[in-house]
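In: Here is a sequence with its predicted model. Questions after.
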Amino acid sequence: MRRCFGFFACFVLLNFCLTRLAPCAAGGALVLQQSTQGPQDILDYISRGWDVLTRSMTKCETVSDPKTNEMSLVYLPAGFSVPPAVQNMQKNCSVRVEHLPATIETLGQVEGSKIRPPGILYLENPYVVPGGRFNEMYGWDSYFILLGLLREGKLDLARGMVENFSFEIEHYGGVLNANRTYYLTRSQPPFLTSMIREVHEAEKARSHDDREWLAAAYSDAVKDYQLWIREPHLAGDTGLSRYYDFGEGPVPEMADASPYYPGVVRYFLLHPQTADDYLARSTQRDALLNPVGPTFSVYLCEEHAGGVAAGEPAKGCESVETISLTRDFYKGDRAMRESGFDTSFRFEPFSAGTHHYAPVCLNSLLYKTETDLEYLSRELGREPESHDWEQRAAKRRNSIDRYLWNATRGLYFDYDFARHTQSSYEYVTTLYPLWAGLASPEQATAVLRNLKLFEQPGGLAMSRQETTGQWDYPYGWAPTNLIGVEGLRRYGYEADANRISQKFLSMVLENFRRDGTIREKYNVVTRSSETDIKAGYTENVIGFGWTNAAFLELLHALPKELAARLGTQ
């Protein structure tokens, strides 16, 4: 009999088989079961996947963090009694349990990177993780995952995840990027009201209208909304909002992608016209005396001198400069990660300027949040509050039209409020205003005419710029394809929505039948899960929570005759 020595070794072997959700032969080899009769094989994979991707404080694998090289802990809120489930985890999983050093009322109140060692933040209810290196509950992933859970009838699990976000708001200061200590300084794209509304409407469909739950969820959502409408999340005087991380310096979660920051430095050295605000050089003595991240030596070498070993004197080379990435770079780098789009070149190279922009995606989501809160307050009989939310949404819509809409181009663009200029970077988030319902019919028609900028054989690509970042061309992702398709349907463009859905669904299905997995992203130009990413983490993670869910949603919305043909050609 083969035995596993140590929890993490066992988890790796288990994960190899189970994340593929196909039977494993002796030794862990994958046995792929294929079908040519419609998409039932992939639907079975997705259905089994929810249990595999579910974490809770009763499972040892919940604590594992593939992104760092350190043994993870469970952290409880300050003064919080140790729940029985965590006591059992201490005993059964040999896990350390600690309390956070202070009560947290707002994001950024505690610098997460200073909590050593890092660890998982306790949540009361089970939750679904994306998969692979992402072994925690994420802010915006969870919205799409929740749609899949509701589509499969897992209402209790979906409701529990919403309640987990309420727990985060109460004990950790807001909806977190994810429930790890190093995420205590930032949030993620705001989908909370969308999740509340989906759960509420699913319960009403089952003749269960829990107004007490809805009132509590509404109150938490209002509290979380405040994060986005006050400094430092305001985009200057535009009336719009921006992404912003309260932390400083390099992010701890990139520990398993250590070449990332040196690669950024190398790029800026080779493209000095883009580096003015993001590289501190030896001539800038103050910046280098107190760097917020690592410093790098630049050598001048003769061609035959060969390479320079890290940390060693260079033979035949002369050290000519010491440089570091600036505080402003790291602010932008962290804000990019709050946006969820890490990494792209949408907000300048490596999105180093993210915190200087009012993004289309964020402000569309906040418009949607305001209209959701209008709906929820009306459901609760709070008419004055409903009227206030309606006015807030109208005001944001006017600001979006003023700063983000480009009538000449027929697209929405991000706005650089520091330079008072509109970006020209064509990005698939131009479809977010359609999904949120804030575009006029004329604006939606103009965006539709430009759909060809993003449409590829496998669905919608993120951008038209090939940057080697995973959130740029030629890659396409489940959440943006689903948002794009639902936006088109909202304005009556059914044929276009069906066409893109078929492209994306058939691509995911073909790759599933080739290797037995569903991935987090795809090359929508070649219709392949093979990727060549150099900017950011390079893995194409298996699982995958939001791809599984988007597949279900896109398939459900297809006309029956089109859905029936999927996977049979």
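Out: That came in fine, so what should we check first?

In: Which residue of this protein lies farthest from its centroid?
Out: Distance to the chain centre peaks in the chain at Gly316, reaching 45.5 Å (criterion: C-alpha atoms, centre = their mean).

In: Wait, it touches Glu302, no?
Out: Yes. Checked against C-beta atoms under 8 Å, the pair Gly316 and Glu302 is within contact range at 5.7 Å. Yep, even glycine has a C-beta here, placed from its N, CA and C like the rest.

In: Residue nearest the middle of the chain, spatially speaking?
Out: Gly340 (3.7 Å).

In: Quick check, pLDDT for that one.
Out: pLDDT recorded at Gly340 is 97.

In: Pull the contacting residues for it.
Out: Gly340 makes contact with Gly139, Trp140, Gln188, Pro189, according to C-beta atoms under 8 Å, 6 or more residues apart in numbering.

In: try it again with 10 Å
Out: For Gly340, the contacting residues are 138-141, 177, 188-189, 243, 361-362, 471, 477, 479, by C-beta atoms under 10 Å, 6 or more residues apart in numbering.

In: Met254 versus that one, what's the distance?
Out: Separation of Gly340 from Met254 (C-beta to C-beta, to the nearest Å) stands at 15 Å.

In: What of Ser324?
Out: Ser324 sits at a distance of 16 Å from Met254 (criterion: C-beta to C-beta).

In: Those two: which has the busier surroundings?
Out: Between Ser324 and Met254, counted using other C-beta atoms under 10 Å, the more crowded position is Ser324 (23 against 18).

In: Skip the chain neighbours and tell me the closest residue to Arg378.
Out: Distances taken as C-beta to C-beta, 6 or more residues apart in numbering place Ser386 nearest to Arg378, at 4.3 Å, with adjacent residues excluded.

In: again, but for Tyr143
Out: Phe191 (3.6 Å).

In: Local confidence estimate at that neighbour?
Out: pLDDT for Phe191: 98.

In: Around it, how many other residues sit close by?
Out: The tally of other residues near Phe191 (other C-beta under 10 Å) stands at 23.

In: Show the backbone phi and psi for it.
Out: phi -120, psi 10 (degrees, to the nearest 10).

In: That one is in contact with Ser364, isn't it?
Out: No. Between Phe191 and Ser364 no contact is recorded; they are 11.4 Å apart, counting by C-beta atoms under 10 Å.

In: Could you point out which residue ranges in the chain have low pLDDT?
Out: For the chain, residues meeting the criterion pLDDT under 70 lie at 1-37, 255-257, 283-287, 304-315, 569.

In: which residues touch Glu338?
Out: Glu338 makes contacts with 107, 139, 177, 183, 185-189, 233, 242-246, 354-355, 362, as judged by C-beta under 10 Å, 6+ apart.

In: Need the nearest residue in space to Glu486, chain neighbours excluded.
Out: For Glu486, ignoring the flanking residues on the chain, the nearest one in space by C-beta to C-beta, 6+ apart is Trp435 at 5.4 Å.

In: Identify the spatial nearest neighbour of Asp372, chain neighbours not counted.
Out: Nearest non-adjacent residue to Asp372, counting by C-beta to C-beta, 6+ apart: Thr193, 3.6 Å away.

In: just Gly332 next, same as before
Out: Excluding its sequence neighbours, the residue lying closest to Gly332 (C-beta to C-beta, 6+ apart) is Ala352, at 4.2 Å.

In: what's the offset of stretch 397-412 from the middle of its chain?
Out: Here stretch 397-412 is found 25 Å from its chain centre; the criterion is C-alpha atoms, centre = their mean, to the nearest Å.

In: Please verify my assumption that Thr71 contacts Val95.
Out: In this structure residue 71 is Met, not Thr. Yes. With contact defined as C-beta under 10 Å, Met71 reaches Val95; the gap is 8.9 Å.

In: Which of these two has more residues huddled nearby?
Out: More crowded of Met71 and Val95, by other C-beta under 10 Å: Val95, with 21 against 15.

In: Please report how far the more buried one lies from Gly340.
Out: 29 Å.

In: re earlier: who are the contact partners of the residue nearest to Asp372?
Out: For Thr193, the contact set (C-beta under 10 Å, 6+ apart) comprises 143, 217-218, 221-222, 224-225, 365-366, 368-376.

In: how about it, phi and psi?
Out: The phi/psi pair for Thr193 (degrees, to the nearest 10) reads phi -70, psi -30.

In: next one: Val128
Out: According to degrees, to the nearest 10, Val128 has phi -100, psi 130.

In: Which strand residues bridge it?
Out: Counting by DSSP bridges, Val128 forms beta bridges with Thr54.

In: cool, Arg519 as well?
Out: Assigned bridge partners for Arg519, using DSSP bridges, are Ile542.

In: Show me the strands in the stretch 451-569 of the chain, by range?
Out: 455-456, 459-460, 475-477, 521-523 (DSSP state E, counting those that start in this stretch).

In: and Glu383, how far is that from Tyr475?
Out: The gap separating Glu383 from Tyr475 is 45 Å, by C-beta to C-beta.

In: Same check on Gln90?
Out: Gln90 is 41 Å from Tyr475, by C-beta to C-beta.

In: Would you mind telling me which of those two has the busier surroundings?
Out: The residue with more neighbours, out of Gln90 and Tyr475, is Tyr475; 26 against 14, by other C-beta under 10 Å.

In: Phe454 is in contact with the more buried one, correct?
Out: No. Assessed by C-beta under 10 Å, Tyr475 is found out of contact with Phe454, at 11.5 Å.

In: Now for those two: what residues contact both?
Out: Counting by C-beta under 10 Å, 6+ apart, the shared contacts of Tyr475 and Phe454 are Ala461, Met462, Ser463, Val524.

In: Can you say which of those are buried?
Out: If you count burial by 16 or more other C-beta atoms under 10 Å, the buried members of these come out as Ala461, Met462, Ser463, Val524.

In: wait, which of these is closest to Lys204?
Out: For these, the residue nearest Lys204 by C-beta to C-beta is Met462; the value is 35.5 Å.

In: Contacts only, for the residue nearest to Gln456 when sequence neighbours are not counted.
Out: Nearest non-adjacent residue to Gln456, counting by C-beta to C-beta, 6+ apart: Val524, 4.3 Å away. By C-beta under 10 Å, 6+ apart, Val524 lies in contact with 454-462, 473-477, 481, 503-504, 507.
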